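After the sequence you'll find the predicted model.
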There are 2 protein chains.
Amino acid sequence: MARKRFDDSSCSVARALNEVGDWWSLLIVLQAMYGTRRYVDFQQQLGIAKNILCDRLSRLVENEVLTKVDVGEHGSRFEYRLTDKGRDLFPVVIALRQWGDKWNPAPDRPPLDLRDRDSGRPIKQIQVQDADGKPLSLRDVFLPNLDSGPAD
Amino acid sequence: MARKRFDDSSCSVARALNEVGDWWSLLIVLQAMYGTRRYVDFQQQLGIAKNILCDRLSRLVENEVLTKVDVGEHGSRFEYRLTDKGRDLFPVVIALRQWGDKWNPAPDRPPLDLRDRDSGRPIKQIQVQDADGKPLSLRDVFLPNLDSGPAD
DNA sequence: TCAATTAGGTTTCATAATGCAACCCTATTG
DNA sequence: CAATAGGGTTGCATTATGAAACCTAATTGA
């Protein structure tokens, strides 16, 4: 049967996963953050099938994570660029990357290190923080409106 | 054909997505963070098919995101609990939640607000930061070892 | 005590998604 | 003017997904 969708789920995580929660979408966004913009480059760098890439790019454009820009005068060359919404996935991608580096480090090569362009220093481990910037763990946190249910 | 797996990808995001990158896994982890521990509760709260739930729980246990604990003396009652690795997905889930709340707000109800248990104040918007805690955008960041390629 | 229910799964089967290869069309290049 | 590159679409075989039915062991209710 059809894969279950979460378009109207009351849970925002579910709705988010509805847009970028499949195997390829987030990798495409990641690749876009690395600077990739063109169809063929996505295809080669990700090793994704062309029809799947087409479908995912369309969906990402539809969901306004990417925009399809016609570069090249005659309408035969396009670029897929991140929108603000897409760029806002930056913390998601970084959090995932850091989690992957920590718990599934590559056997051979060191983790990719991202650095601050200004200072040249590595970025901080991403964390959930309170209003003052103090790091919070899962246990330090609660939901005041739990009566309405955590949804989903 | 079989879905492409990324077990040995050089990209840690790809490896991470290999473990929690499908439609259900992250939602199961989220539910676990809300306190759900039992099979039937996952099933009802997520509305997931039982066979899929079985498969995902097994995979999450296999990947050490959850542990299966035998509570109940006779071996017929189990709990699935987050491991440290699973709890470490907290920033990922929160980042996704905040992204979803920002860009796909629920039409009816307000976004779920998480609060610091100590101060009672809402948590901060999650962000990528430099070593001093200064927020960084995608453009403020670079990869010193880009020569080896952004991986993947 | 004995039937019903709960918990945790497995099986079956129809439908949808995925991956690969082979095409197609339009520009550009040599 | 043929070859190639960019950006897709189509067909088909293989998987994954979802719903419902079924199964087994333990617990509950009357």
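In hand now; what should we look at?

show me where chain A has strands.
Along chain A, counting by DSSP state E, strands occupy A:66-71, A:77-82, A:115-116, A:141-142.

other SSEs contacting the last one?
The one in question is strand A:141-142. Contacts defined by 3 or more CB pairs under 8 Å, 6 or more residues apart in numbering or on different chains; DSSP states H and E place strand A:141-142 against strand B:115-116. Where you see a C-beta, it was placed from the backbone N, CA and C, and this is true even at glycine.

In a markdown table: the strands of chain A, plus distance to residue B:61, mean pLDDT and mean neighbour count.
Converted to a markdown table, those look like this (distance: least, CB to CB, whole Å; pLDDT from 0 to 100; neighbours: other CB atoms under 10 Å in any protein chain shown):
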| stretch | distance to residue B:61 | mean pLDDT | mean neighbour count |
| --- | --- | --- | --- |
| strand A:66-71 | 35 | 93 | 15 |
| strand A:77-82 | 36 | 94 | 17 |
| strand A:115-116 | 36 | 93 | 20 |
| strand A:141-142 | 25 | 92 | 14 |
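
Next, format the ones you listed as CSV and append distance to residue A:54.
Listed next are those as CSV, based on distance: least, CB to CB, whole Å:
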stretch, distance to residue A:54
strand A:66-71, 11
strand A:77-82, 11
strand A:115-116, 34
strand A:141-142, 40
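
Spatially nearest residue to residue A:72 (excluding sequence neighbours)?
residue A:78 (7.7 Å; CB to CB, 6 or more residues apart in numbering or on different chains).

Is it correct that that neighbour is in contact with residue A:61?
No. Contact criterion CB atoms under 8 Å: residue A:78 and residue A:61 do not qualify, at 10.2 Å.

Common neighbours of those two, please.
residue A:68 (CB atoms under 8 Å, 6 or more residues apart in numbering or on different chains).

what's the distance between residue A:82 and DNA strand C?
Between residue A:82 and DNA strand C the distance is 21 Å, computed by CB to the nearest atom of the strand, to the nearest Å.

what's the pLDDT at the closest residue to that residue other than its chain neighbours?
Excluding its sequence neighbours, the residue lying closest to residue A:82 (CB to CB, 6+ apart) is residue A:32, at 5.1 Å. Residue A:32 carries a pLDDT score of 96 in this model.

Next up, the contacts around residue A:32.
A:66, A:80, A:81, A:82, A:86.

So which of the residues you listed is the closest to DNA strand D?
Nearest to DNA strand D among the contacts of residue A:32 is residue A:80, at 7.5 Å by CB to the nearest atom of the strand.

which one is that closest one nearest to, not counting chain neighbours?
residue A:66 (4.7 Å).

Tell me the bridge partners for the one you found.
With DSSP bridges as the criterion, residue A:66 is bridged to residue A:82.

any idea how far it lies from residue A:94?
Going from residue A:66 to residue A:94 by CB to CB, to the nearest Å gives 19 Å.

same question, residue A:34
Counting by CB to CB - residue A:34 and residue A:94 are separated by 13 Å.

Between these two, point out the one with more neighbours.
Ranked by neighbour count (other CB atoms under 10 Å in any protein chain shown), residue A:34 and residue A:94 place residue A:94 first, with 28 against 16.

I'd say that one and residue A:126 touch.
Yes. Using CB under 8 Å, residue A:94 is in contact with residue A:126, at 5.5 Å.

what do the two both touch?
What both residue A:94 and residue A:126 touch, as defined by CB under 8 Å, 6+ apart, is the set residue B:128.

Which residues are in contact with residue A:39?
By CB under 8 Å, 6+ apart, the neighbours of residue A:39 are A:53, A:57, A:78, A:80.

and if we set it to 7 Å?
Contacts for residue A:39 (CB atoms under 7 Å, 6 or more residues apart in numbering or on different chains) come out as residue A:78.

Roughly how far does the closest residue to residue A:136 other than its chain neighbours sit from DNA strand C?
Excluding its sequence neighbours, the residue lying closest to residue A:136 (CB to CB, 6+ apart) is residue A:128, at 4.7 Å. To DNA strand C, residue A:128 is 29 Å away according to CB to the nearest atom of the strand.

likewise residue A:21?
Distance from residue A:21 to DNA strand C, by CB to the nearest atom of the strand: 10 Å.

so residue A:24 makes contact with residue A:54?
No. The pair residue A:24 / residue A:54 is not scored as a contact, 11.2 Å apart, by CB atoms under 7 Å.
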